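Visitor: Whatever this is, show me its structure:
(chains A and B)
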Amino acid sequence: MNLLIKNARVVDPASRTDVRLDVLVKDGKIAEMGPGIPEFKARGGAPGSGSADPGHPREEVIDAAGKVLVPGLIDMHCHLREPGFEYKETIESGSRAGAAGGYTSLACMANTLPVNDNRAVAEYILRQAREKALTNIHPIGAVTKELKGEALAEIGELKDAGVVALSDDGNPVMNAGLFRRALEYARGFGLTIISHCEDLNLAGQGVMNEGFTSTTLGLRGIPNAAEEVMVLRDITLAELTGASLHVAHVSTAGSVRAIREAKARGIKVTAETAPHYFTLSDEAVRGFDPNTKMNPPLRTAKDVAAIIAGLKDGALDAIATDHAPQTAVEKDVEFEYAANGIIGLETALPLTLRLVQEGHLTLSQAIEKFTYQPARILGINKGRLQVGADADITLIDLDRERVIDVSQFKSKSRNSPFQGWRLKGFAVLTIVAGRIVYRVPELS
Amino acid sequence: MVDDRGRAAGWQLSDKPAARLAGKDILGIQEMSVSEIGLILDTAESFKEISTREIKKVPTLRGKTVINLFFEASTRTRTSFEIAAKRLSADTINISTSSSSVVKGETLIDTAKNLEAMNPDCIIIRHSASGAPHLLARLMHVPVINAGDGAHEHPTQALLDLFTVREKKGRLAGLKVAIVGDILHSRVARSNIYGFTKMGAEVLLAGPQTMRPAEVERMGVRWHTRLSEVIPQADVIMMLRIQLERQGGGFFPTLREYSRFFGLNLEVLKTAQPEVLIMHPGPINRGVEISPEVADGPFSVILDQVTNGVAVRMALLYLLVGGEREADRSSL
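Guide: Next up is the predicted model:
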C-alpha cells in the first residue's frame, strides 16, 4: 500500500530537519519528501488513474496537519520475555505495545528462558518476530553463558545469527578479568557491550535507593555507589580495550558525571537512561507500591536533576524503556518479595515530552534519543528519514492528552507506576516498513 | 484538647469510647498526631488498673474477634496482644507461622481475603517485610494493627515505651532519650524516634557507624558513635537487641568487641544521670548489649515495659474496636 502523509511537521534530528513537508511512502520505503506532493503520486500512476479495487484501496492519504512526523522510535532496551515467560509478554504482545507507544524497532534483552546465549535462541526470536511481530525486533545476545558471568557466550555465532549488541542485563559481569576479555572479543566482531552496572556486593539485599526514604521505610538500601563503581570500572576497561561500551539504565548523578568525563577523554562510551529515572524519585516508594520497585532503583531528586542535565548536554545519548513486564504473581506481594521492573513502551514518549514541555530539551533533542542515537549505538540502519530508507515512521500529536489507564495497555502486563497520570503528547500513527501497525481511531 | 503532659482532657472509660481514633489502622507512629498518642496513653492508664484486679476481665469487647497473624517469631508481643484482647473479653485467634507467605505458597493478599471472609473485628500483624501491614490494610475493611514490620515500625512498642517513661518521669517533653545499638535494622528505634520527638523529647542515637541509617539526622535526631557521648546526658537509655547474625554481615567484628564499645554495664552506668531509666524492648542478650546487673538493677524498667504493654494494647483495641459498628446498630 502507498501512503501519502500531508502537511506534517517533519522532525528528523539526524538531518537537523524541522519543516512542514509531505512524505510519500511506496513499497515499504520512503519514496519522496517535499512540499506539496500531489495526491496522484500515491496512486503510483498518472493524474486521474484510480485504484483497481475500491474495496482494498492501494493508497491512502493522511492529513497530518498539526502533527509531528519523526523517524520510527527505537527502544534499545526492553524485555519481551519470549521464550520462557510468555505469560508476562510475548514478542507479539510486546511489539503491539511498542507500536501503540510509537515504536517501530525494539531491541530485546537476552534474559529469556533459555537465555539468548546461542544461535538457536537468537534464530527462534527472529523467527517469532518475522511471523508475529508488528515492529522490527533486534535481539541482544548474552555476554556470558546463561548470564552467569563465568564463561563467554558464543559471541561470533550470535553475531552471525543477527544479534545487534551483547548484554547480560539483569546481571553484571562481576569478574573484571572476564569482562575485559568480553569487551576485547566483542570488539573483534563489531559488537557493543551494554553493561548492567551494579556491584552485587554493594547492592547486597537492597530493594530501594539508600537514603532518607529507605531509612524511614525500613527497607534495605542500594547506594548510588553500587552503580557508580561499576560504571567507573567499565569505563576503565573500555579505555584499556578500545572497545565500545554502552551503559544501560543510568540512574545516578555520579554515573552521569563519570560518563561525561569519559566522553571528554575520548573513550568510546555511550549511555541510556529510562523515563522513570527522570520522572520519579525514591519518594514514590512511600506507600510500598511494588510498581515503584526496579533495578537500579528510583534515586533522589538530585539524581533526577542530574539525569535531565545529562540528557541535555549529551552525556546520556539515548532514552530506553527497560520495559520489564511482570504480572500480579510477581508484583502483588510484599514490597521486598516483589520482582523488579516496570513496563514502559506505552508511556515513554509522553513522559519524555514532559521534558520538552518543561523546557529541558528541544523536541529534536528528545526525538534524537529515541531514533538516531539508539540506531547509531546499535549499528542498525534506522532512525532517520531519507528517501530510499525503510518507511519506519511515527506520527505524534503533541497536544493529545490522556489519563494513563493500564487496563487499556496492549502489553500483557500492567506493572506501571504511572497509572492515573494525565500525560500529553502521544503517538497517533505508527508505520513499520510502510505498513500501518497502529493508529488512533480519529486518523482512520 | 491536650494538656502539657500530653493528656487528652475529659476522657472517661465507658463501654463505648467517647473518642475514637481517626482512621481505621495503626500502621506506624509516623502517621499519628500528638493528640492521638495522648489519647492512647491516657486510655491505657485507665486500663492498667484492670490487670491488677482479682478478676482481670471486663466485657468491653464481648463478641468481637481479634486475629493475631504472626509471620515472624514473637513471644512477648503476641502474648501481650492476646492477653489484652482476652482481658477485654474478645475472642482471639492466633495464626503463627515462621515462614513467610511466599514460602508457604499462599500470598499475603489471599490470606487477607480469606481472613476477611470470616468477619473478624481486628487483625494484628507481625511480618518480616516492611510494609506488609500496609498491604493488608489496603485490602481489609477491619482495623489492622502493625505489631512490627521489618525494620520499619513497631508502633505499639513505642506507645508502651512512651507510657512507661511518662509514668516514671511524669512527663515526656524536654527529656533526653538515648537509643543505643543496631539502629539500622530496628523498627523499635524508628517508632520511638517518631514517638519521643513528637511528644517533645530529644532523641540521641549511638551505635557502630555501620548501623547508622542513611541521613538519619533528617528524622530530627542526633547521631553519636560513642556511648560515652550520650550516657551522661540521657534521662532514658534504651538498649536495642543486637541480632547475633549481624556479626557475619560485616557490621562489627565480634560480639566481644561490640559489647566492649556499645554494651551497657555497671561501669558505664556510673556516668549516667542519678534518676536514669534503663529500657530494652526485649528479648535481651544478657552480657552482650546489656549486662545482667544492669538489666536486673534498680534503674531498669524492662519488666514495667512488658506490664504496660498489655494496658497500652488494651487501650488500642478498645479505641479501635470498642463500641458498635454502624451495621450492628442498624440491624437491631
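Visitor: remind me, longest helix of the chain?
Guide: Reading this off chain A. In chain A, with assignment by DSSP state H, the single longest helix is helix A:224-241.
Visitor: try again with chain B
Guide: For chain B, assigning by DSSP H, the longest helix comes out as helix B:302-321.
Visitor: What average pLDDT does that helix get?
Guide: Here helix B:302-321 scores 96 as its mean pLDDT.
Visitor: Give the buried residues for that helix.
Guide: Neighbour-count burial for helix B:302-321 flags B:302, B:304-306, B:308-321 (criterion: 16 or more other CB atoms under 10 Å in any protein chain shown). C-beta coordinates here come from the backbone N, C-alpha and C atoms, glycine included.
Visitor: Show me what that helix is packed up against.
Guide: For helix B:302-321, the helices and strands in contact under the criterion 3 or more CB pairs under 8 Å, 6 or more residues apart in numbering or on different chains; DSSP states H and E are helix B:34-48, helix B:76-87, strand B:122-127, helix B:155-169, strand B:277-279.
Visitor: OK, now which residue of the stretch 1-150 of chain B is nearest to chain A?
Guide: Relative to chain A, the nearest point of the stretch 1-150 of chain B is residue B:131 (3.2 Å; CB to the nearest CB).
Visitor: ok, now how distant is the closest residue to that residue other than its chain neighbours from residue A:216?
Guide: Nearest residue to residue B:131 in three dimensions, chain neighbours excluded: residue A:288, at 3.2 Å (CB to CB, 6 or more residues apart in numbering or on different chains). Distance of residue A:288 to residue A:216, computed by CB to CB, to the nearest Å: 12 Å.
Visitor: and what of residue A:89?
Guide: Look at residue A:89 and residue A:216: by CB to CB, they are 34 Å apart.
Visitor: So which of the two has more stuff around it?
Guide: residue A:89 (28 against 21; other CB atoms under 10 Å in any protein chain shown).
Visitor: So the more buried one sits against residue A:82, correct?
Guide: Yes. With contact defined as CB atoms under 8 Å, residue A:89 and residue A:82 form a contacting pair (7.0 Å).
Visitor: what's near enough to touch residue 27?
Guide: Since no chain was named, I'll use chain A. Going by CB atoms under 8 Å, 6 or more residues apart in numbering or on different chains, residue A:27 touches A:2, A:434.
Visitor: let's do chain B instead
Guide: For residue B:27, the contacting residues are B:133, B:134, B:137, B:144, B:146, B:153, B:155, by CB under 8 Å, 6+ apart.
Visitor: Let me see the backbone angles for it.
Guide: Backbone dihedrals for residue B:27, given as degrees, to the nearest 10, come out at phi -100, psi -30.
Visitor: Look up the closest residue to it, ignoring the ones flanking it.
Guide: Closest residue in space to residue B:27, ignoring its immediate chain neighbours: residue B:146 at 4.9 Å, by CB to CB, 6+ apart.
Visitor: Residue A:281 too?
Guide: residue A:301 (4.8 Å).
Visitor: That neighbour: how many residues sit nearby?
Guide: 11.
Visitor: hmm, back to that, tell me which of the helices and strands packed on helix B:302-321 is the most buried.
Guide: Ranked by mean neighbour count, the helices and strands packed on helix B:302-321 are led by strand B:122-127 with a mean of 26 (mean count of other CB atoms under 10 Å in any protein chain shown).
Visitor: what does that strand rub up against?
Guide: If you take CB under 8 Å, 6+ apart as the criterion, strand B:122-127 is touched by A:334, B:64-72, B:74, B:77-78, B:81, B:90, B:100, B:108, B:112, B:115, B:132-133, B:136, B:140, B:142-150, B:317, B:320-321.
Visitor: Restricted to strands, list those.
Guide: B:65, B:66, B:67, B:68, B:69, B:70, B:144, B:145, B:146, B:147, B:148, B:149 (DSSP state E).
Visitor: Would you agree the last one is in contact with residue B:133?
Guide: Yes. Taking CB under 8 Å as the definition, residue B:149 is a contact partner of residue B:133 at 5.2 Å.
Visitor: I'd like the distance between residue B:156 and residue B:192.
Guide: 12 Å.
Visitor: which residues in the stretch 51-200 of chain A form helices?
Guide: Along the stretch 51-200 of chain A, counting by DSSP state H, counting those that start in this stretch, helices occupy A:91-100, A:119-132, A:155-161, A:176-188, A:200-203.
Visitor: what would these look like in JSON lines with mean neighbour count?
Guide: Shown next, in JSON lines, are these (neighbours: other CB atoms under 10 Å in any protein chain shown):
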{"stretch": "helix A:91-100", "mean neighbour count": "27"}
{"stretch": "helix A:119-132", "mean neighbour count": "17"}
{"stretch": "helix A:155-161", "mean neighbour count": "19"}
{"stretch": "helix A:176-188", "mean neighbour count": "18"}
{"stretch": "helix A:200-203", "mean neighbour count": "15"}
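Visitor: right, and those - which one's nearest residue A:167?
Guide: Of all the helices of the stretch 51-200 of chain A, helix A:176-188 sits nearest to residue A:167, with 10.3 Å by CB to CB.
Visitor: Can you check what angle separates that closest one from helix A:224-241?
Guide: Interaxial angle, helix A:176-188 versus helix A:224-241 (axes from the mean of the first three to the mean of the last three CA atoms, to 10 degrees): 50 degrees.
Visitor: For the stretch 101-250 of chain A, which residues are neighbours of chain B?
Guide: A:210, A:211, A:212, A:214, A:215, A:216, A:217, A:218, A:219, A:220, A:221, A:223 (CB under 8 Å from any CB of the partner chain).
Visitor: Report the buried members of the residues you listed.
Guide: Among these, those that count as buried by neighbour count (16+ other CB under 10 Å) are A:210, A:211, A:212, A:214, A:215, A:216, A:217, A:218, A:219, A:220, A:221, A:223.
Visitor: hmm, back to that, and the ones in strands among the contacts of strand B:122-127 as TSV, adding neighbour count and pLDDT?
Guide: Output for those, formatted as TSV (neighbours: other CB atoms under 10 Å in any protein chain shown; pLDDT from 0 to 100):
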residue	neighbour count	pLDDT
B:65	18	96
B:66	27	97
B:67	21	96
B:68	23	95
B:69	26	94
B:70	21	94
B:144	25	96
B:145	24	97
B:146	27	98
B:147	26	98
B:148	26	97
B:149	30	97
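Visitor: just curious, which of the residues you listed is nearest to residue A:239?
Guide: Taking CB to CB as the measure, residue A:239 lies nearest residue B:149 of those, at 46.3 Å.
Visitor: Tell me what that closest one is bridged to.
Guide: residue B:127, residue B:153 (DSSP bridges).
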